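Peer 1: below is the sequence, then the predicted model.
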Amino acid sequence: MAPEQEVVYLFIPTQAVGAIIGKKGQNIKNLAHFAGASIKIAPAENPDVHLRKVIITGSPDAQFKAQGRIFVKLKEENFFSPKEEVKLETHIKVPSSAAGRVIGKGGKTVTELQNLTSAEVIVPRDQTPDENDEVFVKISGHFYASQSAQRKIREIVQQVKLQELKHQSSGTVSPHHAK
């Protein structure tokens, strides 16, 4: 069975877009090939934007490789000072049914996640789920913090999906259960 394809939105400084794409698109092509992921840079929504969205689609391993190379490239190209760690914002989508589990009772899970990974994790309130009934989780931090948070959030989503499957197969209505 093929690993599940993940979509991650990574936000890079607008002035770094050329360095990521490279001459005639060579850098981004090499990066996509190396990582085994699809990598696209969304067009700027207006001329004043400071961040551009990079859409990365691939397996968990491909995500790790692609994001890692982008973080390294931004450091090599001096978009961050030598002493400054490269910190980027990443957005991942989760089913709206799992958003509450990511937050946890009284924000407990999200706080533990932040303490464990050193990444800032935000599940914006009042989000309207998209056409797939998914909402965004925003993650900010250095590469390993971001990767760690992404993995932990995906584990929570998998647990929610498994529980939903169990409840569907047993024909029971899922009660809200607290940890």
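Peer 2: Cool, got the structure.
Peer 1: from here on, just use CA atoms for contacts and neighbour counts.
Peer 2: OK.
Peer 1: number of residues surrounding residue 41?
Peer 2: 18 (other Cα atoms under 10 Å).
Peer 1: please apply the same query to residue 73.
Peer 2: For residue 73, using other Cα under 10 Å, the count is 17.
Peer 1: just residue 128 next, same as before
Peer 2: Neighbour number of residue 128 under other Cα under 10 Å is 11.
Peer 1: which residues of this protein fall in strands?
Peer 2: 6-13, 38-41, 51-58, 88-95, 120-122, 134-141 (DSSP state E).
Peer 1: which residues does the spatially closest residue to residue 50 that is not a sequence neighbour contact?
Peer 2: Closest residue to residue 50 apart from its sequence neighbours, by Cα to Cα, 6 or more residues apart in numbering: residue 14 at 5.2 Å. Taking Cα atoms under 8 Å, 6 or more residues apart in numbering as the criterion, residue 14 is in contact with 49, 50, 51, 52.
Peer 1: next: residue 9.
Peer 2: 53, 54, 55, 56, 90, 91, 92.
Peer 1: repeat for residue 93
Peer 2: Contacts of residue 93 by Cα under 8 Å, 6+ apart are 7, 8, 134, 135, 136, 137.
Peer 1: switch the cut-off to 7 Å
Peer 2: 134, 135, 136, 137 (Cα atoms under 7 Å, 6 or more residues apart in numbering).
Peer 1: any idea which of the contacts of residue 9 is closest to residue 44?
Peer 2: residue 53 (8.2 Å; Cα to Cα).
Peer 1: any stretches of this structure with poor pLDDT?
Peer 2: 1-3, 171-179 (pLDDT under 70).
Peer 1: who wins for most neighbours among the contacts of residue 14?
Peer 2: residue 52 (20 neighbours).
Peer 1: isn't it up against residue 12?
Peer 2: Yes. If you go by Cα atoms under 7 Å, residue 52 and residue 12 touch, sitting 5.4 Å apart.
Peer 1: contacts only, for residue 109.
Peer 2: Residue 109 neighbours (Cα under 7 Å, 6+ apart): 102, 103.
Peer 1: measure it to residue 23 for me?
Peer 2: Here the criterion is Cα to Cα, to the nearest Å. By it, residue 109 lies 44 Å from residue 23.
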